[in-house]
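# need coordinates for the following:
(2 chains)
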Amino acid sequence: MNSEIRSGFRAAVPILVGYFPIAMTFGLIAKNMDTGWVQACAMSVFVFAGASQFMALNLIGSGIGFGQILMATLLLNFRHFLMSASLSSKIERQARFLPLISFGITDETFAVASTQNRELKVPFMIGLEATAYTSWVVGTVVGYGLGEILPDAVQKSLGISLYALFIAILIPEVKRSARTGLIALTAGLSHMVLGYVRVFAPGWNLIIAILAGASLGAALYKRRPGGIS
Amino acid sequence: MKIILLSLGMMVVTYVPRLLPLVALGGRRIPEKLKSFLSYIPYAAMGALIIPGGMGAIEGSQTLSLIGMGAALVASWFSRSIILTVAVSIASVYLLYVIL
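The predicted model follows:
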């Protein structure tokens, strides 16, 4: 097998392990809401964007209209626009695979891909994303199925896995560069403050907070003579 | 059926922003400053998703949510393994959930 695909699989192992409990949690919540398992799977198969799927379940549960759910989803997932833009300069130019690869851009596949210090080959990206996607979809099915079997305590404990995953990705970067920690903290605190003041819709809060953190990073960025800092 | 239609709609609004830059930018060189801005986005995003969302990770218990994140913080500080970090975090929440 192509070694780039294999290295994509390997790079995806942490995502596979991280996604599975989160996808299971999604399946469990969907089961508790009795969406039907086909519906729960359809969402994971078509959307493949965790935070917005949880948000959608939440909004469906509160009886919010589909138009507003779509708007909130667009806002919440617009961050992928910036990730896709960032990857466009690192990824091997093979036009016919780009529509496929862009479908698999998530916070986590992006985090793994963008921290590879080399050009990103198409088979690597496909191996990486296919593994993450499979874990996401299978996890959803398993979670829905386990809904009636798992003890309540385990189901509730899985709620932490999404955040543990983010922390696990973030901390090694913070240890390498304190600036990264400052950026993350700025974005987080901005998000919290925006949540209290309630000037913007929640979907916007997230985007504004992300832009604030990244802007701070860019403002602190200094170009070193002859290289990238 | 309604949820499937919603999912298809969500797919469209999620897929288009994922697709456009990758096919339209065509590997054009992005200015260094913009590039650094873009490279900080995931860290800002993770920060903004953890704070304050993480405090509500465990339904009905901010304390357990904070403990779970604290456990993840400690585990990821001492180990580079993402898997171990997630496992330690889930296990510590579960144990406390069962004991308390």
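
# stretch B:56-71 near chain A at all?
Yes: against chain A, stretch B:56-71 shows contacts by C-beta under 8 Å from any C-beta of the partner chain at B:57, B:58, B:59, B:64, B:65, B:68, B:69, B:71. No exception for glycine: its C-beta is placed from N, CA and C like everyone else's.

# most surrounded residue in the residues you listed?
Neighbour count (other C-beta atoms under 10 Å in any protein chain shown) singles out residue B:68 as the most crowded of the residues of stretch B:56-71 next to chain A, with 30 neighbours.

# surely that residue touches residue B:90?
Yes: between residue B:68 and residue B:90 there is a contact under C-beta atoms under 8 Å: 7.5 Å.

# and for the two, which residues touch both?
Counting by C-beta atoms under 8 Å, 6 or more residues apart in numbering or on different chains, the residues touching both residue B:68 and residue B:90 are A:157, A:160, A:164.

# number of residues surrounding the first one?
Spelled out, that is residue A:157. Burial of residue A:157 is recorded as 27 neighbouring residues (other C-beta under 10 Å).

# for the closest residue to residue A:90 other than its chain neighbours, give its distance to residue B:22.
Nearest non-adjacent residue to residue A:90, counting by C-beta to C-beta, 6 or more residues apart in numbering or on different chains: residue A:120, 5.1 Å away. The gap separating residue A:120 from residue B:22 is 11 Å, by C-beta to C-beta, to the nearest Å.

# same check on residue A:142?
When distance is defined by C-beta to C-beta, residue A:142 is 31 Å away from residue B:22.

# neighbour-wise, which of those two wins?
Taking other C-beta under 10 Å, residue A:142 and residue B:22 do not tie; residue B:22 has more neighbours (24 against 16).

# does the more buried one sit in a helix, a strand or a coil?
With DSSP: H, G, I helix; E, B strand; the rest coil as the basis, residue B:22 sits in helix.

# what about chain A, any weak spots by pLDDT?
Residue ranges of chain A with pLDDT under 70: A:1, A:62, A:202-203, A:223-229.

# for it, which segments count as helices?
In chain A, the helices defined using DSSP state H lie at A:3-32, A:37-46, A:50-61, A:66-77, A:79-88, A:98-103, A:107-114, A:122-146, A:152-157, A:161-176, A:178-197, A:202-220.

# so how far is the fourth one from its chain's centroid?
When you say that, I think you mean helix A:66-77. From the chain centre to the centre of helix A:66-77 is a distance of 16 Å (C-alpha atoms, centre = their mean, to the nearest Å).

# how about it: buried residues?
Buried residues in helix A:66-77, counted by 16 or more other C-beta atoms under 10 Å in any protein chain shown: A:66, A:69, A:70, A:72, A:73, A:74, A:75, A:76, A:77.

# same question for the last one.
Judged by neighbour count using 16+ other C-beta under 10 Å, the buried positions of helix A:202-220 are A:203, A:205-218.

# swap in the longest one?
In terms of neighbour count (16+ other C-beta under 10 Å), helix A:3-32 has its buried residues at A:4-5, A:7-9, A:11-12, A:14-31.

# among those residues, which ones lie close to chain B?
A:14, A:17, A:18, A:21.

# between the helix or strand of chain B with the lowest mean pLDDT and helix A:79-88, how big is the angle?
The helix or strand of chain B with the lowest confidence, counting by mean pLDDT, DSSP states H and E, is helix B:32-50 at a mean of 81. Helix B:32-50 and helix A:79-88 are oriented at 140 degrees to each other (axes from the mean of the first three to the mean of the last three C-alpha atoms, to 10 degrees).

# distance from the chain centre to helix B:32-50, please.
Taking C-alpha atoms, centre = their mean, one finds helix B:32-50 lying 13 Å from the centre of the chain it belongs to.

# please report how far residue A:72 lies from residue A:63.
14 Å.

# find the pair from the residues of stretch B:56-71 next to chain A with maximum spatial separation.
B:59 and B:71 (17.8 Å; C-beta to C-beta).

# circling back to that earlier point, who does the residue nearest to residue A:90 form a beta bridge with?
residue A:91 (DSSP bridges).

# please look at it and residue A:91 and confirm they touch.
Yes: applying C-beta under 8 Å, one finds residue A:120 in contact with residue A:91, separated by 4.6 Å.

# low-confidence ranges in chain B?
For chain B (pLDDT under 70), the answer is B:26-30.

# can you rerun that using 90?
Filtered on pLDDT under 90, chain B yields the residue ranges B:1-2, B:21-46, B:48-61, B:80-84, B:86-87, B:90, B:100.

# that one: helices as residue ranges?
B:2-24, B:32-50, B:62-78, B:82-99.

# and the ones you listed, which is most packed in?
helix B:32-50 (a mean of 23; mean count of other C-beta atoms under 10 Å in any protein chain shown).

# ok, now how distant is the nearest residue to residue A:94 once chain neighbours are set aside from chain B?
Closest residue in space to residue A:94, ignoring its immediate chain neighbours: residue A:122 at 5.0 Å, by C-beta to C-beta, 6+ apart. Applying C-beta to the nearest C-beta, to the nearest Å, one obtains 12 Å for the distance of residue A:122 from chain B.

# next, the contact list for residue A:122, please.
When contacts are counted by C-beta under 8 Å, 6+ apart, residue A:122 touches A:4, A:91, A:92, A:94, A:97, A:101.
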